[in-house]
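Peer 1: Below are the sequence and a predicted model for it; my questions follow.
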Amino acid sequence: MNDREKNIDTYFTNIRLTNATLDVYLPRTSILKAIKEQMPFFKGILLDVGCGIMPYRELILNENKQVSKYIGLDLATSTIHKTDIADLHWDAVTIPLQEHTIDVVMATEVLEHSFEPDQTLNEIYRVLKPNGQFFFTVPFIWPLHEVPYDAYRYTPFSLKKHLEKAGFKNIEIRSLGGWHASLAQMIGLWITENKFTGFKKKMVTKIAKRIIRYLVKIDIPDHSFKQHTITSGLYGTAQKL
């Protein structure tokens with residue numbers, strides 16, 4: 001197993017709560033759960049937009065034989081992911097594929113980096129086949145990252161409006177985590193960002209991990225999005241009819 005595969009296993013598909021994963025444990029586990037929930041509906045040719053190091057490629061191909069081909073798409077000159085392993089490159093304007101050629105598009109933690117989300121969604125819609133599915137995740141509680149390429153934090157209402165504008169139907173948007181998960185995520189980020197050292201770092205981290213485990217265990221995401229709902233992030237599906 002090479003270094004990249006080790007990182008994928010440790011930080012994406014088999015992530016555990018450790019001192020090294022305090023900041024990413026909650027979002028990565030919730031995204032993985034959402035992917036596994038939706039994976040039975042993946043089929044045919046799958047396009048991973050903003051694929052990065054393609055952490056979910058082997059998981060999808062190994063566990064869902066309905067997916068016949070996986071294509072990773074990323075920026076041609078990405079300043080975010082230095083490893084150039086994508087199958088296809090694009091300029092964030094036009095996906096280099098013909099229309100109606102893709103059965104499923106997935107975009108995990110990508111739309112928040114698009115300064116022109118309507119343009120991005122229009123391209124995703126264009127390459128999808130009729131009845132094609134779009135699966136997505138976006139953060140809600142997360143610090144500025146990959147600066148200056150951090151564009152938006154979507155509410156479920158704004159995200160739905162953008163999807164509808166692109167032509168998508170049967171839009172379903174759900175919460176990755178509720179109040180308890182959101183607090184757990186903030187605790188993990190707080191520990192990571194603070195410069196604790198020595199005995200203080202050891203004790204604070206030990207206590208934090210216990211609290212995070214408990215909060216994750218009792219969390220119940222609220223998908224109703226009523227007044228005062230909080231969410232750690234969003235995931236969902238939309239269809240091209």
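Peer 2: Arrived safely, thanks for sending.

Peer 1: Past the longest strand seen in the chain, which element shows up next along the chain?
Peer 2: When the chain is parsed with DSSP state E, its longest strand is strand 128-139. Downstream of strand 128-139, the next assigned helix or strand under DSSP states H and E is helix 156-166.

Peer 1: Packing partners of the helix or strand following that next one?
Peer 2: Heading C-terminal from helix 156-166, the first helix or strand you meet, by DSSP H and E, is strand 169-175. For strand 169-175, the elements it packs on are helix 156-166, strand 233-239, judged by 3 or more CB pairs under 8 Å, 6 or more residues apart in numbering; DSSP states H and E. Quick note: C-beta positions are derived from backbone N, CA and C, even for glycine.

Peer 1: Single out the most deeply packed of those.
Peer 2: For the helices and strands packed on strand 169-175, the largest average neighbour count (mean count of other CB atoms under 10 Å) is found in strand 233-239, namely a mean of 23.

Peer 1: So which elements touch it?
Peer 2: helix 25-38, strand 128-139, helix 156-166, strand 169-175.

Peer 1: Mean pLDDT and distance to residue 101 for these - can I get that in CSV?
Peer 2: Formatted as CSV, those follow (pLDDT from 0 to 100; distance: least, CB to CB, whole Å):
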stretch, mean pLDDT, distance to residue 101
helix 25-38, 98, 21
strand 128-139, 98, 7
helix 156-166, 98, 17
strand 169-175, 98, 20
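
Peer 1: The ones you listed: which one's closest to residue 57?
Peer 2: Among the helices and strands packed on strand 233-239, the nearest to residue 57 by CB to CB is helix 25-38 (11.4 Å).

Peer 1: Would you indicate which residues of the helix or strand following that closest one are buried?
Peer 2: Note on helix 25-38: by DSSP H and E, the next helix or strand toward the C-terminus is strand 44-49. Neighbour counts over strand 44-49 (16 or more other CB atoms under 10 Å) mark 45, 46, 47, 48, 49 as buried.

Peer 1: Name the next helix or strand downstream of strand 44-49, please.
Peer 2: helix 57-63.

Peer 1: Where does residue 7 fall, secondary structure wise?
Peer 2: Going by DSSP H and E, residue 7 is part of helix 3-8.

Peer 1: model confidence over that helix, on average?
Peer 2: What helix 3-8 shows for mean pLDDT is 64.

Peer 1: picking that back up, save the helices and strands packed on strand 169-175 as TSV, and put in distance to residue 178 too.
Peer 2: Formatted as TSV, those follow (distance: least, CB to CB, whole Å):
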stretch	distance to residue 178
helix 156-166	13
strand 233-239	11
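
Peer 1: Would you mind saying which of those lies nearest residue 93?
Peer 2: helix 156-166 (14.9 Å).

Peer 1: relative to strand 169-175, how tilted is the closest one?
Peer 2: Taking axes from the mean of the first three to the mean of the last three CA atoms, to 10 degrees, one finds that helix 156-166 is oriented at 160 degrees with respect to strand 169-175.
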